[in-house]
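Novice: give me the fold of what follows.
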Amino acid sequence: MSFFKRIYGVIVRPRSTFREISNAPSVWQGIIALVGMSVISTLLIFNKNYFIKVFGTGATFLKLNTILKMMPVIIALGVFATMILTPIFHFVSVSILNLLCEFFGYSGNGKGLFTTLAFASIPSLISSIIFAILVAVDLQQISIIFTIGISIWMIVLKIFAIKETYSMSGGKATLIYFIPIITIITVIVLFTLSITMSIIPIINTQL
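Specialist: Residues are numbered from 1 along each chain as shown. So this is what the prediction gives:
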């Protein structure tokens, strides 16, 4: 299956497409999908209309003009950072999920998971396109509605990707997907509580 057929398949028939991708994974296609979507999203979001809408109401003309002059540099840095960091973060997240799948007794298919999860991120590009359109017509306030919906769609696709790659049940795929998220949230909450509990005695002594 070609690159663009896989993109189309993820949108209209994700389960069978993820199954096909995991059976014949192409890491390079996954990297191209990741980097391509990230770069296009960066170019769509960080444009002149975006900076004017964000900074135009509260900034002076001089500040706004300075920001607009710096825009090419900001975009170039954003694109460069995206091209480097996106594959790295994706590799780390795939490694964690693959390890969890092996802990649950499923044989490793790291290349398949890397590629399927890369294609499962396609909705992020659609979200960026919608956001750019809403900014252009001055309706960026309602973008949160589309962002929530597309985020849910992307989560479902990633769960499907795990499920089809390892031929596991939907319940186990959902659990494996959310374990890292729950772990990170738990660590943040515990860290915040520990900092708060250590600061409270200091504050009480100064009152």
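Novice: least trustworthy helix or strand in the protein by mean pLDDT?
Specialist: Every helix and strand of the chain was ranked by mean pLDDT, DSSP states H and E. The lowest is helix 48-55, at a mean of 60.
Novice: just for the protein, where's the confidence low?
Specialist: The chain contains residues with pLDDT under 70 at 47-65, 67-68, 108, 202-207.
Novice: mind listing the helices for it?
Specialist: Remark: helices assigned in the chain by DSSP state H are 3-12, 14-23, 27-45, 48-55, 61-103, 110-119, 122-136, 143-166, 170-206.
Novice: give me the contact list for the second one.
Specialist: Counting by C-beta atoms under 8 Å, 6 or more residues apart in numbering, helix 14-23 makes contact with 1, 6, 9-10, 109, 112-113, 115-116, 119-120, 157, 160-161, 163-165, all of which sit outside it. C-beta coordinates here come from the backbone N, C-alpha and C atoms, glycine included.
Novice: residue contacts, Ile11?
Specialist: By C-beta under 8 Å, 6+ apart, the neighbours of Ile11 are Ile122.
Novice: cutoff 6 Å now
Specialist: Not one residue lies near Ile11 by C-beta atoms under 6 Å, 6 or more residues apart in numbering.
Novice: and the gap between it and Met154?
Specialist: 12 Å (C-beta to C-beta, to the nearest Å).
Novice: equivalent analysis for Leu99, please.
Specialist: As defined by C-beta to C-beta, Leu99 lies at a distance of 22 Å from Met154.
Novice: ok, Thr86 next?
Specialist: Distance from Thr86 to Met154, by C-beta to C-beta: 15 Å.
Novice: more crowded one of the two?
Specialist: Neighbours per residue, other C-beta atoms under 10 Å: of Thr86 and Met154, the larger number sits with Thr86, 21 against 17.
Novice: the more buried one against Val39, yeah?
Specialist: No. Thr86 is not in contact with Val39 according to C-beta atoms under 6 Å; the separation is 8.8 Å.
Novice: need the residues touching each of those two.
Specialist: The overlap between the contact sets of Thr86 and Val39 (C-beta under 6 Å, 6+ apart) is empty.
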